[in-house]
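Q: Dropping a prediction and its sequence here:
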Amino acid sequence: MIAHVSKWVLPVSGPPIRDGAVVVAGDRIAAVGPAAEVLAGFTGMICDHGDGAILPGLVNCHVHLEFSALAGKVAPQARWEDWLEATLATYGALSPEEIEAGIALGMEALWQSGAVLVGEVTNTGASWPHLETGPLAYHLFYECLGFDLVETFDLPEKFPFFGRPEVAAAAWVSAAAHAPYSVSPALFRAVAAWNTARSGLQTVHLAESQAEIDFLARGNGFFEGLLKRRGRWVQDFQPPGPGAAAYLEGLGFLGPRTLTVHGTQLTAADWGRLAETKTWLVLCPRANRYTGAGEPPVPELLQAGVNLALGTDSLAGNWDLNLFGEMLWLHRNFPAYPGDLWLRLGTLNGAQAMGRDREFGSLEPGKKAALGVIPLKGGRNFWGELFTAGAAGKWRWIG
Ligand SMILES: [Zn+2]
């Protein structure tokens with residue numbers, strides 16, 4: 001047994017504790033509370049972290065490790081379509097060795113910045129062996145694209161990955177639908193069917209660009225051109241009409257086990273659909289800024305009661321994979337909200353979204369002892385100082 005004491009302990013599941021302590025037994029948390037109470041009669045080792053804050057490991061619900069080798073190779077864009085074109089062209093020029101090396105670097109960056117659980121979106125399965133042997137807990141989403149897959153089918157018929165016995169048996173592997181502009185209704189249904197027979201957890205990029213909204217409403221524009229150039233266009237395509245969330249709901253794709261991602265272009269009607277179906281929305285606000293996707297309507301989403309979590313997206317479309325950066329961005333852009341809300345989005349909410357809150361997301365007895373400390377100077381803006389230090393890489397693992 002070891003007790004970690006610090007000026008602040010942030011359990012997330014409860015208010016900050018001044019002069020707090022966290023007792024760790026093996027790989028589990030045994031007790032959390034004010035040091036004066038928790039340490040009464042305690043005879044184990046005590047580790048004092050001074051003026052810092054102890055907090056749980058972060059939960060990053062949306063990364064693409066396979067794009068890590070694109071770090072610094074795709075410049076920030078004012079227009080999302082330009083970012084997508086640049087990413088597709090640059091990714092196509094990477095060698096398998098570069099992609100593998102990038103995965104390892106991306107994982108290291110996640111771990112060093114305090115992430116303990118990640119939702120990884122893979123297009124090839126290449127990141128899976130890395131995650132399986134690395135320090136991070138994970139859920140692997142194998143992403144499916146197929147706008148032209150219009151006939152009904154079972155997922156392994158078109159995506160052999162899902163026919164592999166080790167995939168069918170894996171607890172932390174799901175199918176993901178890429179986005180409404182790249183996935184046919186038949187593919188959405190096949191993805192949902194495969195997931196429903198297992199953990200049910202699934203993810204989809206949703207309402208990331210105005211081009212996507214226009215395409216769903218009218219069936220033309222940027223994505224018509226892109227799909228035609230890639231040989232995926234469907235001649236008699238009928239656009240589903242306005243409302244990205246309503247479209248997915250009609251396909252049976254929304255619900256408490258679905259993580260929609262981005263949502264920068266969602267409308268008031270969409271917020272209601274997500275809230276009512278208890279669908280998660282993973283915000284990646286710095287990534288949205290990087291790619292030109294716009295800004296998520298955070299106050300409106302909170303007001304509507306949408307379940308929110310956080311992700312960084314990839315190094316093709318963000319400055320780094322440090323989730324404290326997203327919290328800092330939210331804190332600066334929405335100063336009227338209490339800072340602990342953003343920490344909750346990046347920890348407990350993420351763990352709940354991925355169905356792993358029995359192990360991760362807060363400092364509570366019985367949960368994994370996945371915790372770290374961030375040194376603080378004791379300034380007046382507690383949350384601003386915490387997120388700034390975290391974003392500057394001051395996280396240090398202690399359990
Ligand atoms: Zn993404």
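A: Everything's here; your move.
Q: all strands in the stretch 1-150 of the chain, in order from the N-terminus.
A: Ranges of strands within the stretch 1-150 of the chain are 2-9, 17-25, 28-34, 45-48, 53-56, 58-63, 115-122, 137-144, based on DSSP state E, counting those that start in this stretch.
Q: so what strands line up beside the first one?
A: What that stands for is strand 2-9. strand 17-25 (antiparallel), strand 45-48 (parallel), strand 53-56 (parallel) (DSSP bridges).
Q: deepest of those, which one?
A: Each of these was scored by mean neighbour count; the highest is strand 53-56, a mean of 27, by mean count of other C-beta atoms under 10 Å. C-beta here means a position set from N, CA and C on the backbone, and glycine is covered the same way.
Q: How about residues contacting that one?
A: 4, 6-12, 16, 20, 22, 116, 343, 347-348, 360-363, 367, 370-374, 376, 386, 398 (C-beta atoms under 8 Å, 6 or more residues apart in numbering).
Q: Give me the subset of these that lies in helices.
A: Among the contacts of strand 53-56, the ones falling in helices (DSSP state H) are L343, L348, L386.
Q: residue at max distance from the center of the chain?
A: Most distant residue from the mean C-alpha position of the chain: G41, 40.9 Å away (C-alpha atoms, centre = their mean).
Q: longest single helix anywhere in the protein?
A: helix 96-112.
Q: what comes up buried for that helix?
A: For helix 96-112, a neighbour-count test (16 or more other C-beta atoms under 10 Å) marks I99, E100, G102, I103, L105, G106, M107, A109, L110, W111 as buried.
Q: any chance you could map the strands in the stretch 151-300 of the chain?
A: So, for the stretch 151-300 of the chain - with DSSP E, counting those that start in this stretch - the strands run 173-177, 202-206, 258-262, 280-283.
Q: which stretch among the ones you listed comes nearest V121?
A: strand 173-177 (5.8 Å; C-beta to C-beta).
Q: and the closest one, what does it pack onto?
A: With contacts taken as 3 or more C-beta pairs under 8 Å, 6 or more residues apart in numbering; DSSP states H and E, strand 173-177 sits against strand 137-144, helix 185-196, strand 202-206.
Q: Can I get those in a markdown table including mean pLDDT and distance to G52?
A: Putting those into a markdown table (pLDDT from 0 to 100; distance: least, C-beta to C-beta, whole Å) gives the following:
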| stretch | mean pLDDT | distance to G52 |
| --- | --- | --- |
| strand 137-144 | 98 | 24 |
| helix 185-196 | 98 | 40 |
| strand 202-206 | 98 | 34 |
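Q: now those in JSON lines, with distance to T152 and mean neighbour count?
A: Putting the helices and strands packed on strand 173-177 into JSON lines (distance: least, C-beta to C-beta, whole Å; neighbours: other C-beta atoms under 10 Å) gives the following:
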{"stretch": "strand 137-144", "distance to T152": "15", "mean neighbour count": "23"}
{"stretch": "helix 185-196", "distance to T152": "5", "mean neighbour count": "21"}
{"stretch": "strand 202-206", "distance to T152": "18", "mean neighbour count": "27"}
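Q: Just tell me which of the strands paired with strand 2-9 ends up closest to S199.
A: When these are compared by C-beta to C-beta, strand 53-56 sits nearest S199, at 22.3 Å.
Q: and the closest one, how far out from the chain's middle?
A: 20 Å (C-alpha atoms, centre = their mean, to the nearest Å).
Q: CA atoms of stretch 368-388 as PDB?
A: This file holds the C-alpha atoms of stretch 368-388, laid out as PDB (Å, rounded to 0.1, in the frame of the first residue of the first chain):
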ATOM      1  CA  LYS A 368      -7.500   1.000 -11.700                       C
ATOM      2  CA  ALA A 369      -4.700   3.000 -10.100                       C
ATOM      3  CA  ALA A 370      -4.200   4.900 -13.300                       C
ATOM      4  CA  LEU A 371      -3.300   8.400 -11.900                       C
ATOM      5  CA  GLY A 372      -0.800  11.100 -12.400                       C
ATOM      6  CA  VAL A 373       0.200  14.400 -11.000                       C
ATOM      7  CA  ILE A 374       0.500  17.900 -12.500                       C
ATOM      8  CA  PRO A 375       2.600  20.500 -10.600                       C
ATOM      9  CA  LEU A 376       0.800  23.700  -9.800                       C
ATOM     10  CA  LYS A 377       2.000  27.100  -8.600                       C
ATOM     11  CA  GLY A 378      -1.200  28.000  -6.800                       C
ATOM     12  CA  GLY A 379      -2.400  30.900  -9.100                       C
ATOM     13  CA  ARG A 380      -5.900  32.300  -9.000                       C
ATOM     14  CA  ASN A 381      -7.100  30.500 -12.200                       C
ATOM     15  CA  PHE A 382      -6.900  26.900 -10.900                       C
ATOM     16  CA  TRP A 383      -8.300  25.200 -14.000                       C
ATOM     17  CA  GLY A 384      -6.500  27.500 -16.500                       C
ATOM     18  CA  GLU A 385      -3.200  26.700 -14.700                       C
ATOM     19  CA  LEU A 386      -4.000  23.000 -14.600                       C
ATOM     20  CA  PHE A 387      -4.900  22.700 -18.300                       C
ATOM     21  CA  THR A 388      -2.000  24.900 -19.400                       C
END
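Q: one step back: now the longest helix of the chain against strand 137-144, angle please.
A: Helix 96-112 and strand 137-144 are oriented at 140 degrees to each other (axes from the mean of the first three to the mean of the last three C-alpha atoms, to 10 degrees).
Q: Using PDB, write down the CA coordinates of helix 96-112.
A: Coordinates of the C-alpha atoms in helix 96-112 are reproduced here as PDB (Å, rounded to 0.1, in the frame of the first residue of the first chain):
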ATOM      1  CA  PRO A  96       4.400   1.100 -44.400                       C
ATOM      2  CA  GLU A  97       7.600   1.600 -42.300                       C
ATOM      3  CA  GLU A  98       6.800   5.300 -41.800                       C
ATOM      4  CA  ILE A  99       3.200   4.400 -40.800                       C
ATOM      5  CA  GLU A 100       4.500   1.800 -38.300                       C
ATOM      6  CA  ALA A 101       7.000   4.300 -36.800                       C
ATOM      7  CA  GLY A 102       4.300   6.900 -36.600                       C
ATOM      8  CA  ILE A 103       2.000   4.600 -34.600                       C
ATOM      9  CA  ALA A 104       4.700   4.000 -32.000                       C
ATOM     10  CA  LEU A 105       5.400   7.700 -31.700                       C
ATOM     11  CA  GLY A 106       1.700   8.600 -31.400                       C
ATOM     12  CA  MET A 107       1.200   6.000 -28.700                       C
ATOM     13  CA  GLU A 108       4.200   7.300 -26.800                       C
ATOM     14  CA  ALA A 109       2.800  10.900 -27.100                       C
ATOM     15  CA  LEU A 110      -0.600   9.800 -25.800                       C
ATOM     16  CA  TRP A 111       0.900   8.000 -22.800                       C
ATOM     17  CA  GLN A 112       3.300  10.800 -21.900                       C
END
